[in-house]
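Peer 1: Following is a predicted model, sequence given first.
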Amino acid sequence: MIEESLPRIFAPLDERSLEAIAGNAAGRAVPVLGIVAAGNIPGVALPQMALALAAGSSCIVKTASGEPLLAALFAEALSEVAPDLGAALAVLWWRGGHSSCDRALTGGVDSLVAYGSDATIAVWSAYGPRRLVAHGHRASLAVVRLVEDTATLDSLAIAASIDVVLYDQLGCLSPQCLFTIGANTDLRRVFLDRLAEALDREGRRLPLGLVPEEHSIAIRRLQDEYEWREIRGEAVSLRKGKEPPFWTIADDLAREFRPSPLYRTLVVRHLESVDDLASALGEWLPRIESVGMGPWPDREVMQALAGIPRLVPLGAMQSPDLAWRQGGLDPMAAIVAGESA
């Protein structure tokens with residue numbers, strides 16, 4: 001997983017992109033930017049670190065216990081090749097909830113970027129930072145328009161499996177639900193079978209990480225629910241990896257979005273029309289960060305979900321570029337003094 005993810009993390013940090021986004025901030029960047037990183041996936045803080053340094057800000061990063069290494073290794077490497085630039089970056093770790101350290105960081109920076117759960121964001125907000133750009137809980141989904149072409153269905157199934165397997169669905173760009181649109185029941189069954197095969201292949205290539213007990217219980221409950229519903233004759237089905245690699249596909253024609261227990265657990269819904277997408281998402285619509293769609297481009301889906309920050313081809317959900325407006329915010333929102341967050 002590390003070998004697969006590192007190119008995706010570092011590829012966007014190229015000179016041209018940094019210049020295009022941060023180059024105009026000279027003289028307007030805050031003196032010191034603070035970053036509170038999340039530990040769900042590697043490299044969460046790196047884009048903000050790179051943009052801040054490129055804009056002329058110094059940067060203090062609090063890493064997470066779940067992923068304390070990559071930012072520190074980046075800082076070490078930067079100090080070796082560019083000591084002056086490396087001196088403007090400090091990467092630290094302390095146990096979450098250590099209020100004296102938290103307050104020291106909050107009071108010592110001109111702007112703070114915080115990643116994490118809504119509860120985590122609430123804690124940092126309560127410290128009263130001068131400026132806070134918060135990236136709390138978000139979710140993503142996939143949309144597949146079924147077509148009468150088995151080769152296309154194969155490629156879509158492979159693309160969807162890559163987005164599901166990467167980071168074990170722990171990132172805000174990981175699809176938790178997949179909506180199929182149109183076509184008949186037989187064609188949908190073919191796609192789901194191909195998706196199961198693809199999850200098997202990708203799962204062997206990228207083994208599943210450690211699943212916490214509470215998530216294992218939630219996955220087992222979801223599997224039990226769908227197995228019993230299928231026995232009762234409801235229009236649902238369950239596919240799952242019986243041996244490693246473990247994965248779950250819960251097939252349900254009901255259209256309402258349902259969050260996943262994560263760790264390669266995908267709820268597959270069905271819509272007759274793209275026009276039903278927004279209502280199917282319901283109260284989750286404001287929290288949707290990205291939609292991966294196939295075949296690409298799907299103009300109808302893009303129009304129906306125009307307010308969502310990131311609309312991309314299926315298979316590319318986990319590879320954002322540096323210009324990604326996470327949460328709908330400008331990537332320089334916390335870095336440029338006077339910018340509205």
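Peer 2: Arrived safely. Numbering: from 1, shown residues only.
Peer 1: burial count for the closest residue to residue 175 other than its chain neighbours?
Peer 2: Take residue 175 and drop its neighbours on the chain: the residue closest to it by Cβ to Cβ, 6 or more residues apart in numbering is residue 142, 4.1 Å away. For the C-beta atoms, the positions are set from N, CA and C on the backbone; glycine is no exception. Using other Cβ atoms under 10 Å, residue 142 has 26 other residues around it.
Peer 1: Please report phi then psi for residue 142.
Peer 2: phi -120, psi 150 (degrees, to the nearest 10).
Peer 1: What residues are bridge-paired with it?
Peer 2: On the basis of DSSP bridges, residue 142 is bridged to residue 178, residue 292.
Peer 1: so it makes contact with residue 181?
Peer 2: No. The pair residue 142 / residue 181 is not scored as a contact, 11.1 Å apart, by Cβ atoms under 8 Å.
Peer 1: quick one on the thing from earlier: show me what contacts the residue nearest to residue 175?
Peer 2: In this structure, residue 142 makes contact with 160, 163, 175, 177, 178, 179, 291, 292, 293, 294, 314, 317, judged by Cβ atoms under 8 Å, 6 or more residues apart in numbering.
Peer 1: Distance check, it against residue 17.
Peer 2: 26 Å (Cβ to Cβ, to the nearest Å).
Peer 1: ok, back up a step: got JSON lines for the contacts of residue 142, with neighbour count too?
Peer 2: Below are the contacts of residue 142 laid out as JSON lines (neighbours: other Cβ atoms under 10 Å):
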{"residue": "160", "neighbour count": "27"}
{"residue": "163", "neighbour count": "28"}
{"residue": "175", "neighbour count": "24"}
{"residue": "177", "neighbour count": "24"}
{"residue": "178", "neighbour count": "25"}
{"residue": "179", "neighbour count": "25"}
{"residue": "291", "neighbour count": "25"}
{"residue": "292", "neighbour count": "28"}
{"residue": "293", "neighbour count": "25"}
{"residue": "294", "neighbour count": "23"}
{"residue": "314", "neighbour count": "26"}
{"residue": "317", "neighbour count": "27"}
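Peer 1: so residue 20, which of the three states?
Peer 2: Under DSSP: H, G, I helix; E, B strand; the rest coil, residue 20 falls in the helix class.
Peer 1: need the strands for the stretch 151-300 of the chain, in chain order.
Peer 2: Counting by DSSP state E, counting those that start in this stretch, the segments of the stretch 151-300 of the chain that form strands are 175-181, 236-240, 248-252, 265-271, 288-294.
Peer 1: now the angle from the second one to strand 265-271?
Peer 2: For strand 236-240 and strand 265-271, the angle between their directions (axes from the mean of the first three to the mean of the last three Cα atoms, to 10 degrees) works out to 150 degrees.
Peer 1: In terms of secondary structure, what does strand 236-240 contact?
Peer 2: Other elements packing on strand 236-240 under the criterion 3 or more Cβ pairs under 8 Å, 6 or more residues apart in numbering; DSSP states H and E are helix 185-205, helix 213-231, strand 248-252.
Peer 1: Residue 258 is nearest to which of the ones you listed?
Peer 2: Nearest to residue 258 among the helices and strands packed on strand 236-240 is strand 248-252; the distance by Cβ to Cβ comes to 7.8 Å.
Peer 1: quick one: strands adjacent to the closest one?
Peer 2: Paired strands of strand 248-252, with direction, are strand 236-240 (antiparallel), strand 265-271 (parallel) (DSSP bridges).
Peer 1: Out of these, which is closest to residue 24?
Peer 2: strand 265-271 (41.0 Å).
Peer 1: which other residues reach the closest one?
Peer 2: Contacts of strand 265-271 (Cβ under 8 Å, 6+ apart): 164, 169, 175-181, 188, 192, 195, 219, 222, 247-258, 260, 277, 280.
Peer 1: list the contacts for the closest residue to residue 275 other than its chain neighbours?
Peer 2: Of all residues not flanking residue 275 in the chain, residue 304 sits nearest, at 6.6 Å (Cβ to Cβ, 6+ apart). Neighbouring residues of residue 304 by Cβ under 8 Å, 6+ apart: 274, 275, 277, 278.
Peer 1: Do you know the pLDDT at residue 304?
Peer 2: pLDDT for residue 304: 93.
Peer 1: Tell me how far it lies from residue 236.
Peer 2: Distance from residue 304 to residue 236, by Cβ to Cβ: 25 Å.
Peer 1: how does the protein divide up, domain by domain?
Peer 2: Using automatic domain parsing, the domain ranges for the chain come out as 2-137, 139-313.
Peer 1: Start and end of the last one, how far apart?
Peer 2: Domain 139-313 has an end-to-end distance of 17 Å (Cα to Cα, to the nearest Å).
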